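Visitor: any chance you can model this:
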Amino acid sequence: MSNDRIVLRSEIKPEYSAETKVRTTIVAAGEHMQLIHATFEPNGTYAMHSHPHEQMSVVLRGRMRLTVGDEVREVGPGDMWYAPANVMHGGEILGDEALEFVDVYGPPSKSQWVLDML
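Guide: Reported below is the predicted structural model:
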């Protein structure tokens, strides 16, 4: 995680999980929010999960069949979603392109839990 207030995409140094085929990093954490960047390889897994944090996300590239609670929709670049605290969410990465998105979590976690979860 950077202490910088402005972070360029080229400066992001993600951690990689071979099991889920995802690269994640906590880009920044403030008093009330946390910014996370995630890239899932094609055929990767964004497993169904929940956590005690609210999550707002924006897709930068790629496509996914996303489930949030009882709602299921296909999302792509520019699409957004909101997962309330403790609501199950996850998705199936579609196509041959990586899925990249940014998340804002509130409140921020005091640990690196998100890197372990994804």
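Visitor: just the buried positions in stretch 71-81, please.
Guide: Using 16 or more other Cβ atoms under 10 Å as the burial criterion, the residues of stretch 71-81 that qualify are 75, 81. (Glycine included, C-beta is placed from N, CA and C.)
Visitor: got the contact list for it?
Guide: Where contact means Cβ atoms under 8 Å, 6 or more residues apart in numbering, the residues beyond stretch 71-81 that reach it are 56-66, 68, 89, 91, 94.
Visitor: ok, 7 Å please
Guide: Contact with stretch 71-81 is made by 56-61, 63-66, 68, 94, as judged by Cβ atoms under 7 Å, 6 or more residues apart in numbering.
Visitor: tell me the one of these nearest residue 104?
Guide: residue 56 (4.8 Å; Cβ to Cβ).
Visitor: give the contact list for the closest one.
Guide: 80, 82, 104.
Visitor: using a markdown table, lay out those residues together with secondary structure and pLDDT.
Guide: Converted to a markdown table, the contacts of residue 56 look like this (DSSP: H, G, I helix; E, B strand; the rest coil; pLDDT from 0 to 100):
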| residue | secondary structure | pLDDT |
| --- | --- | --- |
| 80 | strand | 98 |
| 82 | strand | 98 |
| 104 | strand | 96 |
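Visitor: list just the nearest of the residues you listed to residue 20.
Guide: residue 104 (20.8 Å).
Visitor: over to residue 10. Which of the three states is it?
Guide: What DSSP: H, G, I helix; E, B strand; the rest coil gives for residue 10 is helix.
Visitor: let me know how buried it is, in neighbour terms.
Guide: 5 (other Cβ atoms under 10 Å).
Visitor: no further queries at this time; thank you.
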